[in-house]
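Visitor: dropping a prediction and its sequence here:
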Amino acid sequence: MQTKKSNKKNIANYLTKNDKISDKRFYFGSMVFISGIILCLVGLFFLVAYKINLTFHISNNVRVAIAMGSLGIGLPLVLSGVAINFSPKRNYTYLTLLFGIVLSWISTIFGVNAYLANKWYHPLIGKVAIGYGFGILLLAGTSFAALVMYVIASKTTAYKTEELIKKTKFFEERKVYTDEEINRDIEEALSTSKYTWGGPSKIPDLIIKSTDESDLTLSKAMFGRAGKITRVSADSINNGVKSLRDLRSGRGKIESSKSDVQDLNKVAEMLRKAREKQEKEKEIIKEKKLIKEWIKIILKKVKIK
């Protein structure tokens with residue numbers, strides 16, 4: 001139980017650390033974007049008022065200056081809000097946004113002052129236009145790059161999520177045996193098996209085929225897979241089983257020939273491989289549980305959004 005909780009915590013920390021857009025940054029970017037929209041609307045309103053001669057007891061120069069200042073400050077805020085919301089958290093992104101905003105705002109202030117002071121002529125107009133245009137290009141380029149990176153990251157996340165779901169289904173379809181089940185099957189096989197001299201014998205889940213020679217060939221069910229076939233002597237098996245029963249009942253010592261020992265070594269090697277396979281199955285179970293918890297957290301985040 002404690003391991004499962006720690007796995008959930010680790011997955012949550014990983015997703016939070018690598019999240020593209022945090023809540024605080026999203027709210028801040030939204031406020032910047034909305035502020036820019038409001039300023040642009042104010043600038044357009046005063047520009048229209050100037051065109052249709054709505055005075056509001058304000059001179060024409062002041063109305064034009066308000067329109068220029070509102071639009072000059074609002075447009076950089078709109079572009080910055082888009083970049084903040086969709087760009088990954090990188091220091092160079094913030095530096096680019098800051099430089100673009102400062103450059104465009106300084107150019108706007110110089111332009112408004114020049115207009116109010118009746119100094120709206122070359123070369124001052126050209127310098128203001130170049131500075132403001134360069135700042136807007138920086139902000140527009142950063143916003144466009146942020147949108148492209150956001151689309152790429154979204155597709156990558158969706159692909160990884162789909163792959164994780166497929167892997168989880170694959171793990172769920174696999175049959176995994178525990179140590180208790182393996183030991184129980186071995187005990188049942190040993191308790192119900194009958195070994196005779198020479199003739200074929202039946203073992204649950206195992207088939208022993210008799211041959212004209214003294215060797216017996218075990219079927220593929222002995223190993224649980226197609227492939228290598230191990231041949232053991234019937235006499236060796238009977239001697240080994242008889243010795244084990246005598247030792248268990250306390251009636252004597254194990255007396256086996258060299259061939260008996262070799263056959264028993266083969267069986268021991270098979271059991272060792274089965275145990276190694278079981279250890280791998282346990283590792284797969286742990287990986288499956290971790291992936292399940294990961295998928296649950298991802299699905300919860302998708303539902304919340």
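Guide: Sure, I can see it. Predicted model, so just to flag it, every value in this text is computed and none were measured.
Visitor: roughly how far does S35 sit from L98?
Guide: S35 is 16 Å from L98, where distance means CB to CB, to the nearest Å. Every C-beta, even on glycine, is put in place using the N, C-alpha and C of the backbone.
Visitor: what's the answer for V128, then?
Guide: Per CB to CB, V128 is found 20 Å from L98.
Visitor: now do F144
Guide: F144 is 18 Å from L98, by CB to CB.
Visitor: can you map out the helices along the stretch 1-150 of the chain?
Guide: Under the criterion DSSP state H, counting those that start in this stretch, the stretch 1-150 of the chain carries helices at the ranges 2-17, 23-51, 60-86, 91-116, 124-173.
Visitor: make JSON lines from the ones you listed and add distance to I298 to it.
Guide: Output for the helices of the stretch 1-150 of the chain, formatted as JSON lines (distance: least, CB to CB, whole Å):
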{"stretch": "helix 2-17", "distance to I298": "7"}
{"stretch": "helix 23-51", "distance to I298": "17"}
{"stretch": "helix 60-86", "distance to I298": "20"}
{"stretch": "helix 91-116", "distance to I298": "26"}
{"stretch": "helix 124-173", "distance to I298": "6"}
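Visitor: need those helices in a markdown table (columns: mean neighbour count, distance to I186 and mean pLDDT).
Guide: Listed next are the helices of the stretch 1-150 of the chain as a markdown table, based on neighbours: other CB atoms under 10 Å; distance: least, CB to CB, whole Å; pLDDT from 0 to 100:
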| stretch | mean neighbour count | distance to I186 | mean pLDDT |
| --- | --- | --- | --- |
| helix 2-17 | 12 | 29 | 46 |
| helix 23-51 | 15 | 56 | 88 |
| helix 60-86 | 20 | 61 | 90 |
| helix 91-116 | 17 | 62 | 88 |
| helix 124-173 | 14 | 26 | 75 |
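Visitor: so which of those helices is nearest E276?
Guide: Evaluated over these, closeness to E276 peaks at helix 124-173, with 19.4 Å, by CB to CB.
Visitor: after the closest one comes which helix or strand?
Guide: Reading on from helix 124-173 to the C-terminus, the next helix or strand found by DSSP states H and E is helix 179-192.
Visitor: CA-only coordinates of that following helix in CSV, if you can.
Guide: Provided in CSV are the C-alpha atoms of helix 179-192 (Å, rounded to 0.1, in the frame of the first residue of the first chain):
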residue,chain,number,x,y,z
ASP,A,179,4.6,-18.7,-6.4
GLU,A,180,1.7,-20.2,-4.5
GLU,A,181,0.1,-21.4,-7.8
ILE,A,182,3.3,-22.9,-9.1
ASN,A,183,4.1,-24.7,-5.8
ARG,A,184,0.5,-26.0,-5.6
ASP,A,185,0.6,-27.4,-9.2
ILE,A,186,3.9,-29.1,-8.4
GLU,A,187,2.6,-30.7,-5.3
GLU,A,188,-0.6,-31.9,-7.1
ALA,A,189,1.5,-33.4,-9.9
LEU,A,190,3.8,-35.3,-7.5
SER,A,191,1.0,-36.6,-5.3
THR,A,192,-1.1,-38.0,-8.2
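Visitor: which other helices and strands contact that helix?
Guide: Packing partners of helix 179-192 (3 or more CB pairs under 8 Å, 6 or more residues apart in numbering; DSSP states H and E): helix 258-304.
Visitor: now do the helix it packs on, average pLDDT.
Guide: Averaging pLDDT along helix 258-304 gives 72.
Visitor: for W294, find the nearest of the helices of the stretch 1-150 of the chain.
Guide: Across the helices of the stretch 1-150 of the chain, W294 has its closest neighbour in helix 2-17 (5.0 Å, CB to CB).
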